[in-house]
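Chemist: sequence plus the predicted model coming up.
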Amino acid sequence: MPARRHAWSKTYRRLLTELPSVEQDITESVAEALKIILAAETLERVRRRSEVSQGGYQLYLQAVSELRSLEDAGALDRAIEIFQQATAADPTFAEAYAGLCEALVMRYRKGTPCGTWATPRMPVRRR
């Protein structure tokens with residue numbers, strides 16, 4: 001069995017609004033430390049992620065928190081509403097649409113009526 005060793009470590013002290021750029025820095029630093037060569041399309045996807053609007057990203061994090069907690073009956077509805085705000089803030093933010101989809105499926109499985117199925121706001125497009 002190979003010996004375990006510490007491969008990478010770094011401390012970040014940045015504002016929460018800089019989280020996407022920190023994620024990009026971590027991805028690139030870990031890849032370099034592990035001597036991984038990332039495909040050009042992977043690097044582009046990581047860089048594109050950091051271009052998400054800060055307002056949209058903050059709303060997305062808030063919606064995910066609501067979706068994961070589900071402490072009360074209104075948490076799912078709040079999550080859906082916040083995901084919708086996130087997609088409005090940044091219509092290209094795919095993770096917000098995925099979160100909205102997950103929340104709507106949860107609502108459907110619980111048997112709660114959902115009026116948004118028949119009228120999608122915009123088609124999803126591939127990048």
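Modeler: That came through fine. Residues are numbered from 1 along each chain as shown.
Chemist: walk me through the domains of this structure.
Modeler: Domain ranges of the chain: 16-49, 54-109, per automatic domain parsing.
Chemist: quick one: closest of the ones you listed to residue 9.
Modeler: Nearest of the domains of the chain to residue 9, taken as Cβ to Cβ: domain 16-49 at 9.0 Å. All C-beta spots, glycine's among them, are computed from the backbone N, C-alpha and C.
Chemist: tell me the predicted confidence for the residue nearest the centre of the chain.
Modeler: Centroid-nearest residue in the chain, with Cα atoms, centre = their mean: residue 95, separated by 4.4 Å. What the model reports as pLDDT for residue 95 is 90.
Chemist: what helix or strand is it on?
Modeler: Using DSSP states H and E, residue 95 sits in helix 94-109.
Chemist: I'd say residue 62 and residue 82 touch.
Modeler: Yes. Assessed by Cβ atoms under 8 Å, residue 62 is found in contact with residue 82 at 5.3 Å.
Chemist: of those two, who's got more company?
Modeler: residue 82 (24 against 16; other Cβ atoms under 10 Å).
Chemist: what is the least confident helix or strand in the chain?
Modeler: Across the helices and strands of the chain, mean confidence by mean pLDDT, DSSP states H and E is lowest for helix 40-49: a mean of 68.
Chemist: what's the following helix or strand after that one?
Modeler: Of the helices and strands lying after helix 40-49 in sequence (DSSP H and E), the nearest is helix 54-69.
Chemist: now do the helix or strand following that following helix, average pLDDT.
Modeler: Helices and strands here follow DSSP H and E; after helix 54-69, the next one along the chain is helix 75-89. On average, the pLDDT along helix 75-89 is 94.
Chemist: and helix 75-89, what other elements does it pack with?
Modeler: Contacts defined by 3 or more Cβ pairs under 8 Å, 6 or more residues apart in numbering; DSSP states H and E place helix 75-89 against helix 54-69, helix 94-109.
Chemist: and that helix, which residues are buried?
Modeler: 75-76, 78-87, 89 (16 or more other Cβ atoms under 10 Å).
Chemist: right, I'll leave it there.
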